[in-house]
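> Sequence isn't available, so here's the structure alone:
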């Protein structure tokens with residue numbers, strides 16, 4: 001990896017679709033995906049597949065614009081690291097890092113196989129209480145057993 005300092009990425013502005021809100025604000029996984037989308041392709045190495053994403057949720061994210069900024073402290077031939085933060089009205093709401101790099105062969109998994117479960121269409125749909133959280137309308141839950 002390169003040790004040369006990299007220029008900070010210019011902040012980008014994103015919004016979070018209210019359909020992905022949970023109880024106190026936007027669903028954390030969706031906020032992390034919005035941050036990742038804001039980073040991709042904005043620094044050398046970012047075009048590679050994401051290998052690791054770490055996110056720390058500092059405050060609920062609401063409908064206000066979300067500014068994502070970051071730096072790329074390490075960019076090499078096989079991996080690139082980006083450290084990012086997100087703010088709403090100057091208040092930090094998310095911080096994290098992402099590692100990007102191409103795939104390569106690794107050790108074989110020879111552990112226990114996954115248990116046999118019915119196909120999704122053979123599992124009953126779990127109906128959540130209406131109004132529990134807006135993001136519930138974006139997912140379908142089918143317990144397998």
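Arrived safely. What you see is a predicted model; the values in this text were computed from it and never measured.

> any weak-confidence spans in the chain?
Within the chain, the segments meeting pLDDT under 70 span 1-7, 43-46.

> Apply 50 and report the result again.
Low-confidence segments of the chain, defined by pLDDT under 50: 1-3.

> Any figure for the gap between the residue sitting furthest away from the middle of it and residue 116?
Centroid-distance maximum for the chain: residue 122 at 30.2 Å, with CA atoms, centre = their mean. Separation of residue 122 from residue 116 (CB to CB, to the nearest Å) stands at 12 Å. No exception for glycine: its C-beta is placed from N, CA and C like everyone else's.

> Residue 132 too?
Distance from residue 132 to residue 116, by CB to CB: 31 Å.

> ranges for the helices of this protein?
Ranges of helices within the chain are 28-39, based on DSSP state H.

> all strands for it, in order.
In the chain, the segments counted as strands under DSSP state E are 9-14, 50-57, 66-75, 80-88, 91-100.

> surely residue 66 meets residue 16?
Yes - Residue 66 lies in contact with residue 16 (CB atoms under 8 Å); the separation is 6.3 Å.

> For these two, list the residues in contact with both.
By the contact definition CB atoms under 8 Å, 6 or more residues apart in numbering, residue 66 and residue 16 are jointly contacted by 31, 34.

> wait, doesn't residue 128 sit right on residue 136?
Yes - if you go by CB under 8 Å, residue 128 and residue 136 touch, sitting 4.9 Å apart.

> For those two, indicate the residue with more neighbours.
The neighbour comparison of residue 128 against residue 136 (other CB atoms under 10 Å) goes to residue 136, with 17 against 12.

> And that one, how far from residue 21?
From residue 136 to residue 21 the distance is 10 Å (CB to CB).

> what's the answer for residue 123, then?
Remark: distance between residue 123 and residue 21 (CB to CB) = 27 Å.
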